[in-house]
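Undergrad: would you be able to build a 3D model of this:
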Amino acid sequence: MKTLRLLTAAVCLCALGLLPLPASAAEIVLWHSYRAEEKAALEKLVAQYNKDNAAKGNTVKALAVPYDAFADKITATVPRGKGPDLFIFAQDRLGGWIEAGNTIEPIDFYLDDNLKKRFIPTTMEAMTYRGTAYGLPLNYKVIALIYNKKLVPTPPKTSGELVTMAKKLTDKKAGRFGLAYSYSDFYYHAALMNGFGGGVFDAKFTPTLNKPENVKSIEFLNKWIEKDGILPAEPSTALITSLFNDGKAAMVFNGPWFLGEIAKGIDYGIAPLPTLDEAGGKPMRPWMTVEGVYVTAPSQNKDAAFEFAKFLTDAQAAKVLALEGRQSPANKDVYTDAQVSKDPQLKAFRDQVEVAVPMPNVPEMTMVWSPATSAMNGILKKTSTPKAALDGAQQAVAKDVAGLRKK
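TA: Numbers count the residues shown, from 1 in each chain. Here you go, the predicted structure:
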């Protein structure tokens with residue numbers, strides 16, 4: 001009993017800084033860009049970890065970095081050894097950081113089958129670059145169908161049902177639309193593109209923007225705009241939010257970031273995007289972005305940093321992130337929890353992610369956005385046909401990719 005009292009006292013004194021920490025003690029610096037409830041949930045978990053590991057002397061210090069500056073700050077500081085021990089970010093920059101070198105530590109050494117099985121498989125796929133894992137998936141974001149329950153009691157399950165319902169709810173003279181989403185944004189259009197079997201790269205990451213399935217997806221979008229007339233012209237983010245909050249957009253395609261913009265008086269529901277009758281009943285397949293926890297290559301505390309990453313992605317932490325942080329965790333077991341499984345928002349995005357496609361994490365992906373955006377603008381403004389516009393985008397991306405690979 002005396003030994004136990006002495007040990008307890010020593011732990012308390014270490015935590016207070018009155019005794020030296022163990023030789024293996026480490027302060028782990030974590031960078032993230034969370035705000036509001038996401039930040040509060042993360043900080044709660046950091047405090048819990050620090051409390052549980054007081055005897056080891058390991059502590060985690062979380063630092064919020066503005067999102068707009070985050071990626072550039074990682075690029076500028078981490079390779080020089082001036083950054084954190086680990087950070088949280090989406091997978092879209094992963095390939096570029098790895099190719100740049102000395103930024104993200106490969107973690108295959110730490111992984112075993114049980115740890116890999118902790119996650120929804122496609123989220124672990126998003127953390128993998130050219131066959132090597134570089135992070136643990138923390139949460140994912142994906143677009144789904146968000147609808148006004150007053151106007152849409154039961155959400156459509158197929159594109160045919162969607163069009164029939166949307167036509168009845170559209171009155172252009174009154175500024176009302178059955179459906180509204182940022183269809184000119186290539187990110188949002190990807191749900192149709194992938195649903196028709198298209199994509200931006202083949203298995204070897206050769207650009208494929210002008211493949212027939214991509215052309216067909218845009219022709220189908222044009223049908224929704226012109227023939228069916230269910231979409232507003234030039235839909236900006238502000239317009240879509242305004243239409244939905246004013247009860248003038250019955251349904252939108254959007255992600256969890258949109259939920260905070262919905263007015264308090266709107267009774268809304270979330271459902272998976274409809275299947276496509278025109279593509280043989282295949283589902284719309286939106287892109288999925290996955291935020292991972294990455295250990296930095298220059299870190300002097302890699303083992304301790306990875307231990308915290310494991311803690312942050314386990315089922316108990318995932319429950320806090322889900323219920324308090326309102327995130328969609330990549331940990332698959334958390335969705336069997338009684339509270340989480342009853343949450344309609346979490347369930348809807350979990351159902352949607354089953355058919356989502358991880359956004360490519362290769363450096364070549366950064367070269368797609370500008371040509372693809374120009375192509376979408378030309379098509380929608382009728383200055384180019386879908387085939388011609390995508391041919392132009394294909395040439396531009398292929399040229400840039402060839403230049404990248406010569407470096």
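Undergrad: relative to the longest strand along the chain, what are the paired strands and their orientations?
TA: Ranked by residue count, the top strand of the chain under DSSP state E comes out as strand 287-295. Paired with strand 287-295 in the same sheet, following DSSP bridges, are strand 86-90 (antiparallel), strand 136-142 (antiparallel), strand 357-358 (parallel).
Undergrad: make TSV out of those and add distance to Ile230 and mean neighbour count.
TA: Yep, even glycine has a C-beta here, placed from its N, CA and C like the rest. Listed next are the strands paired with strand 287-295 as TSV, based on distance: least, CB to CB, whole Å; neighbours: other CB atoms under 10 Å:
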stretch	distance to Ile230	mean neighbour count
strand 86-90	31	25
strand 136-142	23	26
strand 357-358	25	20
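Undergrad: relative to Gly292, which of these is closest?
TA: strand 136-142 (5.3 Å; CB to CB).
Undergrad: how far does stretch 277-289 stretch from one end to the other?
TA: Criterion CA to CA, to the nearest Å; first-to-last residue distance in stretch 277-289 is 26 Å.
Undergrad: what comes up buried for it?
TA: Across stretch 277-289, burial judged by 16 or more other CB atoms under 10 Å covers Glu278, Ala279, Pro283, Met284, Arg285, Pro286, Trp287, Met288, Thr289.
Undergrad: what's the farthest-apart pair in the residues you listed?
TA: Using CB to CB for every pair in these, the one that comes out farthest apart is Glu278 and Thr289, at 26.6 Å.
Undergrad: can you give me the neighbour number for the nearest residue to Ala279 once chain neighbours are set aside?
TA: Nearest residue to Ala279, sequence neighbours excluded (CB to CB, 6 or more residues apart in numbering): Phe196, at 5.0 Å. Look at Phe196: counted by other CB atoms under 10 Å, it has 24 neighbours.
Undergrad: name the next helix or strand following the lowest-mean-pLDDT helix or strand in the chain along the chain.
TA: When each helix and strand of the chain is scored by mean pLDDT, DSSP states H and E, helix 2-16 comes last, with a mean of 42. Scanning forward in sequence from helix 2-16 by DSSP states H and E, the next helix or strand is strand 27-32.
Undergrad: who does that following strand pair with, and is each partner parallel or antiparallel?
TA: strand 59-64 (parallel), strand 86-90 (parallel).
Undergrad: so which elements touch whatever helix or strand comes next after that strand?
TA: Following strand 27-32 in sequence order, the next helix or strand is helix 36-52 (DSSP H and E). Helix 36-52 is packed against strand 27-32, strand 59-64, helix 302-312, helix 315-323, with contacts defined by 3 or more CB pairs under 8 Å, 6 or more residues apart in numbering; DSSP states H and E.
Undergrad: wait, which of those is closest to Val200?
TA: Val200 lies closest, by CB to CB, to one member of these: strand 27-32, at 28.5 Å.
Undergrad: now that closest one and helix 302-312, what's the angle there?
TA: Here the directions of strand 27-32 and helix 302-312 differ by 50 degrees (axes from the mean of the first three to the mean of the last three CA atoms, to 10 degrees).
Undergrad: then strand 27-32 to PDB, C-alphas only?
TA: The C-alpha coordinates for strand 27-32 follow below in PDB (Å, rounded to 0.1, in the frame of the first residue of the first chain):
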ATOM      1  CA  GLU A  27       5.300  16.400 -25.900                       C
ATOM      2  CA  ILE A  28       3.500  15.600 -29.100                       C
ATOM      3  CA  VAL A  29       2.400  18.600 -31.100                       C
ATOM      4  CA  LEU A  30      -0.800  18.100 -33.200                       C
ATOM      5  CA  TRP A  31      -1.900  20.600 -35.900                       C
ATOM      6  CA  HIS A  32      -5.600  20.700 -37.100                       C
END
